[in-house]
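1. requesting a structural model of the entry that follows:
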Amino acid sequence: MPKYTLLEIVQKILSDMDAEPVNSLGETTESDQIASIVEDTFYSMVTNRLIPEHKSLIKLTSLSDSSRPTHFEYPANTNNITGVWYDTSSDDSFEYHEIYWKEPEEFLGMVDRVASDYDNVADIAAGTNLRIKNDKRPEYYTSFDDEYVVMDSYESSISSTLTTAKVRAYGVTYPTFTISDQFVPDIDEHLFPYLLAESKSVSFSLLAGGADQKIEQQARRQKSYLQNDKYRSRRPNKWSPYGRT
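-> Numbering: from 1, shown residues only. Purely as a prediction, here's the structure:
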């Protein structure tokens, strides 16, 4: 099953609409409108379902601020995080330990009980004081605002802050979409018929005066098919206990 460039998708839709053909995007108003519809449909696809190829290792960005030694920022294109690890070695031997998620309320209850060897850290979200341990490796993390990760501790004898170089995360990121002739949407081959069918359905509805029943039927069939065919390798359904926050 082939992958299509954005131009090829637009050309297929224009042909089915009996509209003026184009050799490049931007030649007609309709081609620009359809390209925009394909973009909207693409983002609807990738935000409303898990597409396995969008899972990857993610690099959280340390604030590198001694007043917030355990704060990290999510990359802008992050959808959700399903795992976090931190390298606690002092000699770059890569001793990664998993950092476990705690809900914000649980995290606050935990740090409020810290009685010694801590730094008073004002969280970014509301300036709330956090007692962050400064004599042990991090074990837990949370997020109060879906923008920053906060870990519960660090070893000040090793570094004044937790660092980007030592953190490792895994999760789902949003791909980018570019309006250009040769751009190929970042999805697997078997998803292209659904992208084409949905984009065609919307284009007929918005630009051709109404939906075509055959096209609507094709889009529904593709959607149904995709519910049970997300991975290249067969695997049982699993629900992750972790989210981005």
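2. let me see the domain layout of the protein.
-> 6-51+187-227, 54-173 (automatic domain parsing).
3. in CSV, list the C-alpha atoms belonging to stretch 145-158.
-> What follows is stretch 145-158, C-alpha atoms only, in CSV (Å, rounded to 0.1, in the frame of the first residue of the first chain):
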residue,chain,number,x,y,z
ASP,A,145,0.3,22.5,35.1
ASP,A,146,0.9,20.1,32.2
GLU,A,147,3.9,22.3,31.2
TYR,A,148,6.6,21.4,33.8
VAL,A,149,7.7,18.1,35.4
VAL,A,150,8.8,18.3,39.1
MET,A,151,10.9,15.5,40.6
ASP,A,152,11.0,15.0,44.4
SER,A,153,14.7,15.0,45.0
TYR,A,154,18.3,15.3,43.7
GLU,A,155,21.8,14.8,45.0
SER,A,156,23.4,18.2,45.5
SER,A,157,26.8,16.6,46.2
ILE,A,158,26.8,15.5,42.5
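4. for the domains of the chain, which has the smallest mean pLDDT value?
-> Lowest mean pLDDT within the domains of the chain: domain 6-51+187-227, a mean of 82.
5. of the domains of the chain, which is nearest Ser180?
-> Ser180 lies closest to domain 6-51+187-227 among the domains of the chain, at 6.7 Å (Cβ to Cβ). (Glycine included, C-beta is placed from N, CA and C.)
6. how far out from the middle of the chain is the closest one?
-> On the basis of Cα atoms, centre = their mean, to the nearest Å, domain 6-51+187-227 sits 23 Å off its chain's mean C-alpha point.
7. ditto for stretch 50-58
-> Counting by Cα atoms, centre = their mean, stretch 50-58 comes out at 7 Å from the chain centroid.
8. what's the neighbour count on the nearest residue to Val10 once chain neighbours are set aside?
-> For Val10, ignoring the flanking residues on the chain, the nearest one in space by Cβ to Cβ, 6 or more residues apart in numbering is Ile34 at 4.9 Å. As a burial measure, Ile34 scores 28 neighbours (other Cβ atoms under 10 Å).
9. one step back: okay if I get the domains of the chain as a markdown table plus distance to Asp181?
-> Below are those laid out as a markdown table (distance: least, Cβ to Cβ, whole Å):
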| stretch | distance to Asp181 |
| --- | --- |
| domain 6-51+187-227 | 4 |
| domain 54-173 | 24 |
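10. give the buried residues for stretch 184-195.
-> Residues of stretch 184-195 classed as buried by neighbour count (16 or more other Cβ atoms under 10 Å): Pro185, Asp186, Ile187, Leu191, Phe192, Pro193, Tyr194, Leu195.
11. which of those sits closest to Met151?
-> Asp186 (31.0 Å).
12. pull the longest helix from the chain.
-> helix 29-48 (DSSP state H).
13. what helices and strands are in contact with that one?
-> Contacts defined by 3 or more Cβ pairs under 8 Å, 6 or more residues apart in numbering; DSSP states H and E place helix 29-48 against helix 6-16, helix 192-207.
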